[in-house]
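Okay, here's the prediction I keep looking at, along with the sequence it came from:
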Amino acid sequence: MKTKAENSTKEISPFVLKLNPILEKDMKTKLRGWRSTILISCYVILLICILFVYFAGNNIFSPYSNGSFDPRMAIDAYNLIITFQFALLFLAVPAITATSVSSERERQTLDLMLVTNTPARKIIVGKIMVSLAHTMLLLIASMPVIGVVFFFGGIGFLDIFKLLLFYVMTSFFVASCGVFFSTLFKRNIVAIITTYITLGLITFGPFIVFAISVTLKQRFNMSGFNPVYQDYVTALFSSSVFGFTSFYIGDSGMSRYYGYGGGSILSSAAQEIERLIAVAPGFWKWMRPWLVNGLFNILASLGLIFLSARILNPIHRRK
């Protein structure tokens, strides 16, 4: 006669089997440890310090300041925090994923992993999900810091939700690139350098090519050439910086909420894109930069996962 504990284990087991084995192993060994707690705490404290230094630099805490509070400071602080998080995705995620498979090969544990019942596809997806789990923990833990801007208005919960969704899609693509090159190359340093170079070319390369193309067309076209929003989308869809401009509140956003704005490069880019979207044809109005780049990230990630699994599969690998 089976006990109640055995029956409950039998009922739960189908759900446990559906969990990716690589992710399950990492959740049991790493995410439960004290290192993850310290990492998250340090990250949140760093964001708080950045926010504190920014507000202190604008004399918001000074008891001798006679000037009234400038609402733009809250928006600028929000832009500063999300830009720091966006840069973190391209700095931290490749460092984690670009060594995920190559380190297994250097430790001579990859062959042991491949002889198990776990398919190569699940191994690749598991390595990516581990990176996403670490990244999402950091992003979710930082939401209270970003929420400071709610006290001053201008940002809604829908904006934060779309920002998180864009972060997930971007992290998915960056992690897929790291795992792909980690599978392709045998050494960690080669995989890391190649990943950073590739991400740099995909992110900033389209801007350079587009700027050269526009300059040449304006010089040799006698009637003049003014790029429209469709031109920006077709040229910059692969750049995550282009997608990030949807969340950076520039001059147009400041004018919408407070009537004035900043003058940074991202601020000017966000204002120009909003202006072009406003005069774009019907279909293109819905193709926001974050959505266009997000679709590219998903499709490119699926392709990289397929290639990584094919390279990792012992049947398809070169001897």
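On my side now, so go ahead. Fair warning: this is a prediction, and the values are worked out from it, not measured in the lab. Numbers count the residues shown, from 1 in each chain.

Whichever strand or helix holds Arg275 packs against which elements?
When elements are assigned from DSSP states H and E, Arg275 belongs to helix 265-278. Using 3 or more Cβ pairs under 8 Å, 6 or more residues apart in numbering; DSSP states H and E as the contact criterion, the secondary-structure elements in contact with helix 265-278 are helix 72-97, helix 229-236, helix 251-257. Yep, even glycine has a C-beta here, placed from its N, CA and C like the rest.

With mean pLDDT and mean neighbour count as extra columns, can I get those in a markdown table?
Putting the helices and strands packed on helix 265-278 into a markdown table (pLDDT from 0 to 100; neighbours: other Cβ atoms under 10 Å) gives the following:
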| stretch | mean pLDDT | mean neighbour count |
| --- | --- | --- |
| helix 72-97 | 84 | 19 |
| helix 229-236 | 89 | 18 |
| helix 251-257 | 45 | 17 |
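
quick one, what contacts the closest residue to Val174 other than its chain neighbours?
Sequence neighbours aside, Val93 is the residue nearest to Val174 in space, at 4.5 Å (criterion: Cβ to Cβ, 6 or more residues apart in numbering). Listed by Cβ atoms under 8 Å, 6 or more residues apart in numbering, the contact set of Val93 reads 131, 135, 171, 174-175, 178.

Just the ones of those in helices?
Cross-referencing these against helices under DSSP state H gives 131, 135, 171, 174-175, 178.

Pick out whichever of those sits closest to Gln218.
The shortest gap between Gln218 and any of the ones in helices among the contacts of Val93 belongs to Val174, at 33.8 Å (Cβ to Cβ).

Could you check the pLDDT of that closest one?
Model confidence at Val174, given as pLDDT, is 94.

What ranges in the stretch 51-200 of the chain fall below the confidence cut-off?
Using pLDDT under 70 as the threshold, the predicted model of the stretch 51-200 of the chain has low-confidence ranges 58-72, 150-154.

hang on, the earlier thing: for Ala269, see how far away the residue nearest to Val174 is.
24 Å (Cβ to Cβ, to the nearest Å).

and if you look at Pro94?
The spacing between Pro94 and Ala269, counted by Cβ to Cβ, is 24 Å.

now Arg288
For Arg288, the distance to Ala269 (Cβ to Cβ) stands at 14 Å.

closest to Gln108 among the ones in helices among the contacts of Val93?
The nearest member of the ones in helices among the contacts of Val93 to Gln108, counting by Cβ to Cβ, is Gly178 at 21.1 Å.

pretty sure the closest one is touching Val101, no?
No. Under the criterion of Cβ atoms under 8 Å, Gly178 is not in contact with Val101, lying 9.3 Å apart.

quick one: contacts for the closest residue to Asn313 other than its chain neighbours?
Among residues not flanking Asn313 along the chain, Ala120 sits closest, at 4.4 Å (Cβ to Cβ, 6+ apart). Listed by Cβ under 8 Å, 6+ apart, the contact set of Ala120 reads 114, 309-310, 312-314.
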